[in-house]
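Engineer: Need the 3D shape of this:
(chains A and B)
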2 protein chains.
Amino acid sequence: MTSTGTSSVEPTTALLTDHYELTMLQAALADGTAHRRSVFELFARRLPDGRRYGVVAGVNRLLDALERFRFDAATVEFLRERGVVDQATCDWLAGYRFSGDISGYADGEIFFPGSPVLVVESSFAEAVLLETVFLSILNHDSAVASAASRMTWWAGGRPCIEMGSRRTHEEAAVASALAAYIAGFATTSNLEAARRFGIPSAGTAAHSFTLLHDTERDAFVSQVDALGKGTTLLVDTYDLTEAVRTAIEVTGTELGAVRLDSGDLPSLAGQVREQLDALGATKTRIIVTSDLDEYQIAALAPASVDGYGVGTSLVTGSGYPTCGFVYKLVAREDGDGTMVPVAKKSPDKISIGGRKYALRRRNRLGVAEAEVIGVGEAPVDDGDDRVLLRSLVESGKIVGRTTPEESQAHHLKVRDELPRSASQLSRGEPAIPTDYTGDLNTRNPYAPRSTM
Amino acid sequence: MTSTGTSSVEPTTALLTDHYELTMLQAALADGTAHRRSVFELFARRLPDGRRYGVVAGVNRLLDALERFRFDAATVEFLRERGVVDQATCDWLAGYRFSGDISGYADGEIFFPGSPVLVVESSFAEAVLLETVFLSILNHDSAVASAASRMTWWAGGRPCIEMGSRRTHEEAAVASALAAYIAGFATTSNLEAARRFGIPSAGTAAHSFTLLHDTERDAFVSQVDALGKGTTLLVDTYDLTEAVRTAIEVTGTELGAVRLDSGDLPSLAGQVREQLDALGATKTRIIVTSDLDEYQIAALAPASVDGYGVGTSLVTGSGYPTCGFVYKLVAREDGDGTMVPVAKKSPDKISIGGRKYALRRRNRLGVAEAEVIGVGEAPVDDGDDRVLLRSLVESGKIVGRTTPEESQAHHLKVRDELPRSASQLSRGEPAIPTDYTGDLNTRNPYAPRSTM
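Structural biologist: Numbers count the residues shown, from 1 in each chain, chains lettered A, B, ... in the order given. Prediction:
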């Protein structure tokens, strides 16, 4: 339920990594800096153009990946044979276990520009190796969850069904199903996601099933015999009106739902609703599934629709298939053992050295007002400011796992804190400002290490 | 080299599948139509908006996935426990082996609207189950290869380095590295892709390595000690001019390359080239890596640049992260054993029943003129018309594997056949027209099964 890997198989994640993480390690092991205590932070400099908020997903998958991040004998042998790193580095890798601390935002939490979504503290060597796989997981899963949340918000009480597996990489599909569930989707079509994460799956039939049979009636009779009258019949293979009539003839008025997968959905849904009602099938629901995105879901709000199936636009982040998260060294030990903040000098990018804390500031009514980010120890939670960083890993031990159900519940709760403007689909500014506070050197954020 | 799976671990791919494939199977097994001989085709109705051609990738991954498509005991038990399908279906699945034929375009082949990229012939039951995982693989990998090919075309003789792992799902990253290689990339940063597919990987150091050290000089000295003077030094952490001077002081004039990862690349590259030349480092190359895409690569053609590192835009298909491939039943056995073409009736989508053949028609100079698609047996190859469908699977046996090197060579060869206009980055029509020929019922493509 909580652990990943396909069935009992848990391959190492250690090579889901950029080549340069290992060459940096080799050089740093040789000169001794590899063991300097370091703080890396994972954050987005900005939201995708015009988005009002982002949604974190992938934290539990990341913890699973960390648990499987091991340089086993075959992996070390590959690195040695290929000459990726030298023998001393191979020896060090063979004993690799992450022994540091990680804190981060929870799956389902909202994020904004600058939010320190993940804070990794360990030696440089231990922490730098995790960069690629941590970014891969959070950039992908959070992009999907961020799009999914806009869809479920506008779907209101109507269920959203995730069915995008065929439009993305086969393993990204499994992760997308989980990310969508965290952001409020009701079910997925993906069976591996159902098995691996325990989330609900659903599905009935495609056009090929109707085309396989000599008549549409044959197909409907066969499906109802196999799956019961509560099933969903796909009614747009040939003639819609004829198909709805046939569907009700076959099932009486007990048919669970009909599905529309093409055409002008608002008008067709209205027409089918009238026909179903006239035939007495007033409880038969109408599910629509034709290349929907959050904009079309919003446009369908007044239509006679009972549920939405969403594919392509969900798994591709509805125009933004990656989050732009980066993983940056923000502080490290000096030659004399003192921790010093560090940041790349860049005229066009804000980089603030030092370990951050983060709070969601809320007003008296519980509505979020600002993402408060500071350097150093966080002020105490006074009830208005919600602490956002949770402990995920302590001295190498994973302590912060949550279930998909908990993550979904958390998302719906914290999304409800946002000002109403956060649901706007028009392009605009983040729903709340990011408020840098405390000793941030904001006038000159590069001061700590701006020169050599 | 050719087989996938992480190291020796090869989990089943059977559940990388939509729930409805299995419920359709259950109904079709019960009514007997599951065993009707069927032809499914995988194709794209159109190219992404304005693209001139598409590139097939994922065919070898698909064959690996087919080999691992098995309903082992744990998988069947999951389906039974969850009530996805009934006992009779579970029994049938336990013995599942694909026994049919598959032909398709090769990895690296070019495709156009309507190209029958994959043709699967078997019983309905055997073929329908493969829909989701086949689409996932080809939609993802071909989207990446299609973007990658535009990049390598415009890069000309300068090498392209794939480094997008952190911006996509961790397993999609591995597949993306292979797709990019097929489309002409020289190397990848992804170590798992290097291990799994045997393609070359490369990498040196990130900004964090410079920030880890007390001075930039310390970092450069350490890197050169570990990786040699032929390494690539990252020179934009603090002050570019200062860094280039330090780099040459540390290495003499033998430095392999410098890397620029920010700023206005054309002008900075020119400035760095002048500085390197003035310092005598005339052979030191300049690699640029700052959110490049095919448009920026084209714009950098006149600049003093020796190689391109490409990340986000590559792994996200440069605006089109999925290909829009569909998998459609185009013919199936009738009640009396005759094969009949079938197609969904749809006013806005062209669907042509019947098994297709495909040829690339070339003129006397060897330049492609049309994608010729017909129903039935293909005419003989007369030297001008290149046959596009290769045998991949025969009676369940995989016969059509190719190596990454063969796929890359094939891509570069067939891309070279295209008219020069195919390289245009401006939006326009496909480089060659799709020419439907033969007995296609083009005037009324739905005639075969337009009514019940």
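Engineer: Pull out the buried residues from the helix or strand hosting A:R195.
Structural biologist: According to DSSP states H and E, A:R195 maps onto helix A:191-197. Residues of helix A:191-197 classed as buried: A:L191, A:E192, A:A193, A:A194, A:R195, A:R196, A:F197 (neighbour count, 16 or more other Cβ atoms under 10 Å in any protein chain shown). Glycine gets a C-beta too; all of them are placed from N, C-alpha and C.
Engineer: Show the residue spans covered by the helices in the stretch 101-250 of chain A.
Structural biologist: A:124-128, A:131-155, A:170-182, A:191-197, A:207-212, A:216-227, A:240-251 (DSSP state H, counting those that start in this stretch).
Engineer: Now tabulate these in TSV and tack on distance to chain B and mean pLDDT.
Structural biologist: Listed next are those as TSV, based on distance: least, Cβ to the nearest Cβ, whole Å; pLDDT from 0 to 100:
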stretch	distance to chain B	mean pLDDT
helix A:124-128	5	98
helix A:131-155	4	98
helix A:170-182	4	98
helix A:191-197	4	98
helix A:207-212	4	97
helix A:216-227	4	98
helix A:240-251	8	98
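Engineer: which of the ones you listed sits most buried?
Structural biologist: Most buried of the helices of the stretch 101-250 of chain A by mean neighbour count (mean count of other Cβ atoms under 10 Å in any protein chain shown) is helix A:170-182; its value is a mean of 30.
Engineer: Can you give me the pLDDT of the residue of the stretch 151-300 of chain A found nearest chain B?
Structural biologist: At 3.1 Å from chain B, A:G203 is the closest residue in the stretch 151-300 of chain A, using Cβ to the nearest Cβ. Here, the pLDDT recorded for A:G203 equals 95.
Engineer: Test my guess that it contacts B:Q26.
Structural biologist: No. In terms of Cβ atoms under 8 Å, A:G203 does not count as a neighbour of B:Q26; the distance is 11.2 Å.
Engineer: how much space between A:K229 and A:A278?
Structural biologist: If you measure A:K229 against A:A278 using Cβ to Cβ, to the nearest Å, the figure is 19 Å.
Engineer: between the two, who's got more neighbours?
Structural biologist: A:K229 (15 against 10; other Cβ atoms under 10 Å in any protein chain shown).
Engineer: ok now do the more buried one, which residues does it touch?
Structural biologist: A:T251, A:G252, A:E254, A:L255, A:G256 (Cβ atoms under 8 Å, 6 or more residues apart in numbering or on different chains).
Engineer: Filter these down to just the buried residues.
Structural biologist: Applying 16+ other Cβ under 10 Å to the contacts of A:K229 flags A:T251, A:L255, A:G256 as buried.
Engineer: For the residue lying closest to A:A281 once chain neighbours are set aside, grab phi and psi.
Structural biologist: Excluding its sequence neighbours, the residue lying closest to A:A281 (Cβ to Cβ, 6 or more residues apart in numbering or on different chains) is A:T253, at 4.4 Å. Dihedral angles of A:T253 (phi, psi; degrees, to the nearest 10) stand at phi -100, psi 20.
Engineer: ok, how many other residues are close to A:T253?
Structural biologist: Number of residues near A:T253 (other Cβ under 10 Å) recorded here: 13.
Engineer: A:D277 is in contact with that one, correct?
Structural biologist: No. The criterion here is Cβ under 8 Å, and A:T253 misses it with A:D277 at 10.2 Å.
Engineer: Can you give me the domain boundaries for chain A?
Structural biologist: Domain segmentation of chain A under automatic domain parsing yields A:19-144+A:320-449, A:204-305.
Engineer: Worst mean pLDDT among these?
Structural biologist: Among the domains of chain A, domain A:19-144+A:320-449 carries the lowest mean pLDDT, a mean of 92.
Engineer: residues near A:G157, how many?
Structural biologist: Using other Cβ under 10 Å, A:G157 has 5 other residues around it.
Engineer: Kindly report the same for A:L130.
Structural biologist: A count of nearby residues for A:L130, using other Cβ under 10 Å, gives 26.
Engineer: re earlier: what's the offset of the helix holding A:R195 from the middle of its chain?
Structural biologist: When C-alpha coordinates are averaged (Cα atoms, centre = their mean, to the nearest Å), helix A:191-197 and its chain have centres 16 Å apart.
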